[in-house]
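A.B. asks: Give me the fold of what follows.
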Amino acid sequence: MRIRITHQRITGFLQLILLTEAILALWGQRWFTAFLTSMIILITFFPVLFERRFRIHIPPELQLAAIGFVFASLFLGEVHGYYSRFWWWDMALHTTSGFLLGILGFLLVHIMNETEKIQLHMKPGFVAFFAFLFSLGVGALWEIFEFAMDSFFGMNMQKPMLGDPSGLTDTMWDLVVDALGAVVIAFLGWRYLKRPDQKSFLEHWIDGFVSRNPRFFKR
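C.D. replies: Below you'll find the predicted structure:
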């Protein structure tokens, strides 16, 4: 209960910051900033809407991590130019996305592995491998999206890096840190299945998800 209250307070504080920015952007006729900030505010409500629509209860820690990632990448990164101000900002966020997508991939295949509706049982190594590939695959699709935006709309999503103006170095480092984040989660997920007595933050989040969604884990 305390964790959920803390999550609600932090989320509300971030939403207040975003709302203030959107109002100031409208006042200053910065239409793109106002639009982007409004979209970010809408995205912060997705976890709650997702829970109500699909009756899938997401642990508050995971919700807060996802909302914090959106805030850091879109609001701080795009609106306030942190990608240009801090050379490591993009790499840090891609590492974080590797973590979050790895967790999502692990939960997806873990549900399929445990539910009675699907006659399937995969070994811990394969579950971890799927989580790694899922995270890396989504990361690669995002890089394709960035390339398409730059090519067709003249945006600058693939940024110059380490003296390379083409953006290729930026893309490859994004994929490298995506993979590093995914490897960490894959290992922790494998350890969760092989040695459930050894706890880490991932095991805590997974246990929270399992306890809140028992209908997915019945055989």
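A.B. asks: what helices or strands is the strand or helix carrying G125 leaning on?
C.D. replies: Using DSSP states H and E, the element containing G125 is helix 124-153. In terms of contacts (3 or more C-beta pairs under 8 Å, 6 or more residues apart in numbering; DSSP states H and E), helix 124-153 is packed against helix 89-114, helix 168-194. (Each C-beta comes from the backbone N, C-alpha and C, glycine too.)
A.B. asks: could those go into a markdown table alongside mean pLDDT and mean neighbour count?
C.D. replies: Output for the helices and strands packed on helix 124-153, formatted as a markdown table (pLDDT from 0 to 100; neighbours: other C-beta atoms under 10 Å):
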| stretch | mean pLDDT | mean neighbour count |
| --- | --- | --- |
| helix 89-114 | 86 | 20 |
| helix 168-194 | 87 | 20 |
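A.B. asks: I'd like those helices as TSV, with distance to G77 appended.
C.D. replies: Formatted as TSV, the helices and strands packed on helix 124-153 follow (distance: least, C-beta to C-beta, whole Å):
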stretch	distance to G77
helix 89-114	6
helix 168-194	13
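A.B. asks: For the helix holding G125, buried residues please.
C.D. replies: 124, 127-132, 134-136, 138-139, 142-143, 146 (16 or more other C-beta atoms under 10 Å).
A.B. asks: go on, stretch 70-84?
C.D. replies: So, applying 16+ other C-beta under 10 Å, buried residues of stretch 70-84: V70, F71, S73, L74, F75, L76, G77, E78, V79, Y82, Y83.
A.B. asks: which residues sit in contact with the third one?
C.D. replies: With C-beta atoms under 8 Å, 6 or more residues apart in numbering as the criterion, the residues that contact S73 are L93.
A.B. asks: That one falls within a strand, correct?
C.D. replies: No. Counting by DSSP: H, G, I helix; E, B strand; the rest coil, one finds S73 to be helix, located in no strand.
A.B. asks: Check the gap between it and W142 for me.
C.D. replies: 11 Å (C-beta to C-beta, to the nearest Å).
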